[in-house]
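S.K.: pasting a predicted model and its sequence here:
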Protein chains: 4
Amino acid sequence: MDNDNPRLDTYYAELRQHHLGPLWNSIGRLMTHEPRPRAEAHLWRWSDVRRYVMESGTLVVPDRGGERRVIFFANPGFQELEPWGWGAMTNTLYAGVQLLLPGEKAPSHRHNQNAIRFVLEGRGAYTIVEGERIDMEPGDFLITPAGLWHDHVHAGTEPMLWFDCLDIPLLYQLGVMFFENYPDYNQPITKPSGYTEKRYQTSGLRPIQDHRTVYAPQAVFKWRSTQDALRRLAELEPDPYDGYGVEYVNPATGEAAGITIGAAMQLLPPGHHTQAHRHVHSTIYHVFRGSGYSVINGVRFAWHTGDTFVVPNWVWHEHHNTGTEDAYVFSTHDAPVMERLGLEREESYPDGYQPVTGEYPG
Amino acid sequence: MDNDNPRLDTYYAELRQHHLGPLWNSIGRLMTHEPRPRAEAHLWRWSDVRRYVMESGTLVVPDRGGERRVIFFANPGFQELEPWGWGAMTNTLYAGVQLLLPGEKAPSHRHNQNAIRFVLEGRGAYTIVEGERIDMEPGDFLITPAGLWHDHVHAGTEPMLWFDCLDIPLLYQLGVMFFENYPDYNQPITKPSGYTEKRYQTSGLRPIQDHRTVYAPQAVFKWRSTQDALRRLAELEPDPYDGYGVEYVNPATGEAAGITIGAAMQLLPPGHHTQAHRHVHSTIYHVFRGSGYSVINGVRFAWHTGDTFVVPNWVWHEHHNTGTEDAYVFSTHDAPVMERLGLEREESYPDGYQPVTGEYPG
Amino acid sequence: MDNDNPRLDTYYAELRQHHLGPLWNSIGRLMTHEPRPRAEAHLWRWSDVRRYVMESGTLVVPDRGGERRVIFFANPGFQELEPWGWGAMTNTLYAGVQLLLPGEKAPSHRHNQNAIRFVLEGRGAYTIVEGERIDMEPGDFLITPAGLWHDHVHAGTEPMLWFDCLDIPLLYQLGVMFFENYPDYNQPITKPSGYTEKRYQTSGLRPIQDHRTVYAPQAVFKWRSTQDALRRLAELEPDPYDGYGVEYVNPATGEAAGITIGAAMQLLPPGHHTQAHRHVHSTIYHVFRGSGYSVINGVRFAWHTGDTFVVPNWVWHEHHNTGTEDAYVFSTHDAPVMERLGLEREESYPDGYQPVTGEYPG
Amino acid sequence: MDNDNPRLDTYYAELRQHHLGPLWNSIGRLMTHEPRPRAEAHLWRWSDVRRYVMESGTLVVPDRGGERRVIFFANPGFQELEPWGWGAMTNTLYAGVQLLLPGEKAPSHRHNQNAIRFVLEGRGAYTIVEGERIDMEPGDFLITPAGLWHDHVHAGTEPMLWFDCLDIPLLYQLGVMFFENYPDYNQPITKPSGYTEKRYQTSGLRPIQDHRTVYAPQAVFKWRSTQDALRRLAELEPDPYDGYGVEYVNPATGEAAGITIGAAMQLLPPGHHTQAHRHVHSTIYHVFRGSGYSVINGVRFAWHTGDTFVVPNWVWHEHHNTGTEDAYVFSTHDAPVMERLGLEREESYPDGYQPVTGEYPG
Ligand SMILES: [Fe+2]
Ligand SMILES: [Fe+2]
Ligand SMILES: [Fe+2]
Ligand SMILES: [Fe+2]
Ligand SMILES: [Fe+2]
Ligand SMILES: [Fe+2]
Ligand SMILES: [Fe+2]
Ligand SMILES: [Fe+2]
């Protein structure tokens, strides 16, 4: 296109004054040939994250307004933006580590963001979701669907840490957030003890009353069961790209645990090296246990227990357990969004493994 | 309508000759005000059924052509029809008890009928479905979706009996059956031992590879797990009409185990008496364990372990465990058909319980 | 299987007494290798049908109980059954020709059967569906979804004939019919004149209020528009098996006009000869205009304006317009049932055209 | 929450260095109580827009790289962002006015953004979509689904202007764009002339070949037909919030014309004043013909033919035709996105009409 006309400069300035814009000089950046997510591949060391999380326990307490004591991951690609990096770990997903100290309570609220939690450390705290008390232990996965009242209470004696993932950046960018405080600080517990575990525990058995259930009726997925499931899977053939893995799904519908958020747990035995692929959806990984590395678009990211790293949209990635123990890697992703909007694609890396062209310094 | 015209008799005869019919004199029987299924409420005593099933073991052997040694339930409302009562237990469902003796094999075939099985007695036999060996134990529920190769082999030492349910009358009446023999007598086992149990066991955990699964990937639901699930449910509130019950569903989609057949297992504690309701779908009950009675449109049907009874479409029914042990009642139904065709309805009995106006003599 | 045992005869008799049956000796007829629908290929001459329909006008009048003055097609394969052939034209579909004389009214009722109508002769009558008056002209297609009140009124001066198709045999065999009389003889007209035609006429334009419409909101499809649509299609490539054809669909959802009944209109130009194929669903054809023949499993069925013929499930069929004018062939089918139950299949005839091995004598 | 601790300042700075963030001090802005879209209500005068669009014809020509000569609307709330306001008219939708001069061609490409077009002025240009030539006239609505090759050619004698709407900001923020150039400058025309109009023109009639169509098969919706449809609707009751309106839908599925973009045309007769409501989805209005005003969250926006204005998410809005002619208002919206992600809500304004508290100065 002819962009040499001397009038163009003043023309562009006038357009700007009239809140107009010229497509021809921005189309290349607006409609890129391949995905160029603002989110970048990045890794956070657990020692750093945990130190700041623990210190936050001395600086603030959970209360109305602040609601939760969480240190969230601020993707470098978004970080300069206000409010603080839009809470973006990927273009759609927020993730953080929440701390609740013995005796503390986080106030009850509800919102149209979907939330999932994965417990990292501690015992004795519980989440209340629509009157159901859900006790939390390391490795447990919890789902809090959009629109349900929820709050946290710590009845134990040691600090409690868990990983939170919400679709905050997606809803922030769509500009469609709803948030409401529960009239009281906490909601009452109205469901019998162990409600979810009494109703859902065995694959394929759905309580008759849930025949027409519309939202996720299984509030918790216990670590012991998840680990057992992965060990059983590990006796079979691995998935070429994900090793031995399970998706956490709504057992009443088979859909992702959240409408907009998927989640999975993978087991990589010692020496296991998955093949590289890429897909439109983005993924956040948290190393629950183990050590190894991932290659993300040619860059080697070494990881250890507690580290968190992010694989943005459409970048090649592969994982390698270089330790001597089974590695367990938890992940959340936005495949449900991409699938519902007709945007998902997937590609295998031609030669299986990428050449390593760089090393993440972190 | 005026049906007095003397010409009408010859007119009707002429219509018949021309393969025509007068709607006005049959509409009342063709389009009844409420469902009038041909299937009738009926109960079969286990002592009778088992005696004939066991005797069949001395009379015939499973082989090509006959395929399976099954005594099926011939609903009195259909029984006079040929071929033999169309295999109808309800207007859509066939049910029978299959016997396989030690050392026997039933040949491999596939068909567009859906099948489920529920194991009654014996150990050591297994079903092969698309290369997967599924060992059968009493109380196990198995699913064989339409279109998959399947055959049975007995490697044990005692007679093996199980309950079969298929959508034979539905497909028979639709006139759309496909059936094919496997080239060999039996198919080879190609999947690793314990395939289903290694892949599906815990609620809400789906192997990553099954993200886009289209048919029921869980081949078996073990009795031990089902019983445990029911006992946990029994600590909560019962369903008013079904007591404590679980539906067997496809864990990848939440749909009924078969496209056209639903199945459930109910636990009724001693003294438990469900309230009466009715629904368009029909149900076949098999008393796995326990004794009690059901009231079906006012008639009391007493039942004991092993008895099978049928609740046709749109009849009032309620169940009462009058024994001293937990009763376990297995059932299959055609709700998936009614729901897919927009035909399902449900109604609660106004006063909860029906007056008993008759006694099933059986 | 060993069927030579002398005990078998008495054994079978005892089974029958106990309402039981032996699968092995009926499986071959219950689960056939390919579809064996009871419905047979058959053709009804318009001269016969019309004569009896017109005579029915002298014999009976529409009134409560008889409801409608319809002569229905009684497929020879079903005809001996009571009530009168179950109203079966195919295994799922009923079809008939209704006569309403000037000044007559047919009473208002509703039922869970779906109904479609196709107008053959006359003017001046109208159907009322949920308060909407729908005027009927030859070639018009009308849809009366399950559950809606409907009645017919004749305000014109000449006999009015139309083709009705309902899912009566399907619901009869499922045993799940509901039928209700409107409190008055006719319902009041509450919607403005020309309601459907004012709301739906142009492809792809849906009234904003119908954004979440659940049932068929377009009550009528006018012949003039349908003919125009076919003539436009005839300038493009024909479908190999159906020539130039349109399906009547719910414009708000794209689904078949009825939940269980599909319908179409085909244009075959002079000399047009479609290729042969077969499919699981069955089809009823009514020759609206033209003459030619169809080959059904090798048998040639010659047809002329007004003739009705049936293509049962899974039989080869092809159509040939041997006249000098465009042929317009209306049809209804049960593909929606087969698709919803996962039963549909389709096959092309290997050589395009079947050898003609017989001639329908009709 | 306690935010007074003196350590907090350095703590926050350290967090920032480690690419971490504190949820408690940003949650109120990230998770607002009600939607706070970045997009603002705004109106663009046609005289301004048209002047700059026409001048662009003297400054640039369409070619590879720039691709299209379009002046897009840069919502003031987004405008400072680079690349140029992300092309955002609302948080999800881009809109602009494209100019093609006689003899010009715009190159062929495809992308995973969905596009719709609405023709404003001129005749003689056409769009090619997957080999189909679609002639464009004022008032015509065209759909170019994601993934299809498309280009524009002007074979006429007067400047051609049309309104474009794409989901650019949505995909930009998701970071998932794909874009590909066609090997040649333009693609060949392979479909017969008038393809869409021969296939789709009448409501409810779908070519038999499109029984399992997956994407929008109707490429164009002609103005004449749309206007006629609206005039017919105007004889019935208006929608309280939208007056007389039609949605442009995929006639094969009833879904919105694009997977992510809905579109509608409304007719407001002289004096018509719709009631106020709000909804989560955002809407872009282009006044095709007429004059009046809209009240958006209390501010009166007067509009005339050619003006474009935007109603962001969850703001009250109502429309009033104050002219003496019928007003025709075209609009596009992102309701499909909100519905697919479970985010849609709607509310009626309590008193029907808002008090006017301000006047848009534009
Ligand atoms: Fe929350
Ligand atoms: Fe991946
Ligand atoms: Fe079988
Ligand atoms: Fe029931
Ligand atoms: Fe009727
Ligand atoms: Fe056909
Ligand atoms: Fe484009
Ligand atoms: Fe609106």
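M.R.: Sure, I can see it. Ligands and ions are numbered 1, 2, ... in the order given.

S.K.: what sits opposite residue A:303 in the beta ladder?
M.R.: Here residue A:303 sits in beta bridges with residue A:292, going by DSSP bridges.

S.K.: show the contacting residues for it.
M.R.: A:43, A:285, A:287, A:291, A:292, A:293, A:294, A:309 (CB atoms under 8 Å, 6 or more residues apart in numbering or on different chains). Any C-beta I mention is one placed from the backbone N, CA and C, and that applies to glycine too.

S.K.: shouldn't the first one be in contact with residue A:301?
M.R.: Yes. Between residue A:43 and residue A:301 a contact is recorded at 4.9 Å, counting by CB atoms under 8 Å.

S.K.: anything in contact with each of these two?
M.R.: In contact with both residue A:43 and residue A:301: A:309, A:360, A:362, using CB under 8 Å, 6+ apart.

S.K.: now tabulate these in JSON lines and tack on distance to chain C, secondary structure and neighbour count.
M.R.: Converted to JSON lines, these look like this (distance: CB to the nearest CB, whole Å; DSSP: H, G, I helix; E, B strand; the rest coil; neighbours: other CB atoms under 10 Å in any protein chain shown):
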{"residue": "A:309", "distance to chain C": "43", "secondary structure": "strand", "neighbour count": "26"}
{"residue": "A:360", "distance to chain C": "49", "secondary structure": "coil", "neighbour count": "17"}
{"residue": "A:362", "distance to chain C": "50", "secondary structure": "coil", "neighbour count": "14"}
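
S.K.: residue B:91: which of these is nearest?
M.R.: For the shared contacts of residue A:43 and residue A:301, the closest approach to residue B:91 (CB to CB) belongs to residue A:309, at 58.0 Å.

S.K.: my read: that closest one touches residue A:293, true?
M.R.: No. Residue A:309 is beyond contact range of residue A:293, at 10.0 Å (criterion: CB under 8 Å).

S.K.: shared neighbours of the two, which are they?
M.R.: Taking CB under 8 Å, 6+ apart as the criterion, residue A:309 and residue A:293 both touch A:301, A:303.

S.K.: so is the one helix or strand residue A:48 maps to next to chain D?
M.R.: Using DSSP states H and E, residue A:48 sits in helix A:46-59. Yes. Using CB under 8 Å from any CB of the partner chain, we find that helix A:46-59 touches chain D at A:48, A:49, A:52, A:55, A:56, A:59.

S.K.: tell me which residues in that helix are buried?
M.R.: For helix A:46-59, the neighbour count (16 or more other CB atoms under 10 Å in any protein chain shown) marks A:46, A:48, A:49, A:50, A:52, A:53, A:56, A:59 as buried.

S.K.: same for the helix or strand following that helix, what does it pack against?
M.R.: Remark: after helix A:46-59, the chain's next helix or strand is strand A:70-73, criterion DSSP H and E. In terms of contacts (3 or more CB pairs under 8 Å, 6 or more residues apart in numbering or on different chains; DSSP states H and E), strand A:70-73 is packed against helix A:46-59, strand A:94-100, strand D:20-22.

S.K.: give me the contacts around strand A:70-73.
M.R.: By CB under 8 Å, 6+ apart, strand A:70-73 touches A:44, A:49, A:52-53, A:56, A:87, A:89, A:94-99, A:164, A:284, A:308, A:310, D:15, D:19-24.

S.K.: filter these by proximity to chain C?
M.R.: Okay, of the contacts of strand A:70-73, nothing touches chain C (CB under 8 Å from any CB).

S.K.: which of those residues count as buried?
M.R.: By 16+ other CB under 10 Å, the contacts of strand A:70-73 give A:44, A:49, A:52-53, A:56, A:87, A:89, A:94-99, A:164, A:284, A:308, A:310, D:15, D:19-24 as buried.

S.K.: circling back to that earlier point, closest one to residue B:263 out of the residues of helix A:46-59 next to chain D, please.
M.R.: For the residues of helix A:46-59 next to chain D, the minimum distance to residue B:263 (CB to CB) is 47.9 Å, reached by residue A:49.

S.K.: quick one, what contacts the residue lying closest to that closest one once chain neighbours are set aside?
M.R.: In space, residue A:49 comes closest to residue A:97 once its chain neighbours are excluded; the distance is 5.9 Å by CB to CB, 6 or more residues apart in numbering or on different chains. By CB under 8 Å, 6+ apart, the residues touching residue A:97 are A:49, A:50, A:53, A:70, A:71, A:72, A:120, A:161, A:162, A:163, A:164.

S.K.: kindly provide the distance from the fifth one to residue A:84.
M.R.: Going from residue A:71 to residue A:84 by CB to CB, to the nearest Å gives 11 Å.

S.K.: shared neighbours, the two?
M.R.: Contacts common to residue A:71 and residue A:84, judged by CB under 8 Å, 6+ apart, are D:21, D:22.

S.K.: which residues of chain A fall in helices?
M.R.: A:8-17, A:27-30, A:46-59, A:168-174, A:195-199, A:223-233, A:335-340 (DSSP state H).

S.K.: out of the ones you listed, deepest packed?
M.R.: Mean neighbour counts were taken over these using mean count of other CB atoms under 10 Å in any protein chain shown, and the top value, a mean of 27, falls to helix A:168-174.

S.K.: how about that helix and chain D, any contact?
M.R.: Yes. Under the criterion of CB under 8 Å from any CB, helix A:168-174 makes contact with chain D via A:168, A:170, A:171, A:172, A:173, A:174.

S.K.: which residues are contacting that helix?
M.R.: Contacts of helix A:168-174 (CB under 8 Å, 6+ apart): A:78, A:86-94, A:112-113, A:177, A:260, A:334, A:337, D:30-31, D:37, D:91-92, D:173, D:313, D:337-338, D:341, D:343.

S.K.: just give the nearest non-adjacent residue to residue A:124, would you?
M.R.: Nearest non-adjacent residue to residue A:124 (CB to CB, 6+ apart): residue A:156, at 1.4 Å.

S.K.: make that residue A:153, sorry
M.R.: That would be residue A:105: by CB to CB, 6+ apart, it lies 5.0 Å from residue A:153.

S.K.: now the end-to-end length of stretch A:228-248.
M.R.: 14 Å (CA to CA, to the nearest Å).

S.K.: I should have written stretch A:111-120 there, sorry.
M.R.: End-to-end for stretch A:111-120, by CA to CA: 24 Å.

S.K.: for that stretch, what is the average pLDDT?
M.R.: The pLDDT scores in stretch A:111-120 average 98.
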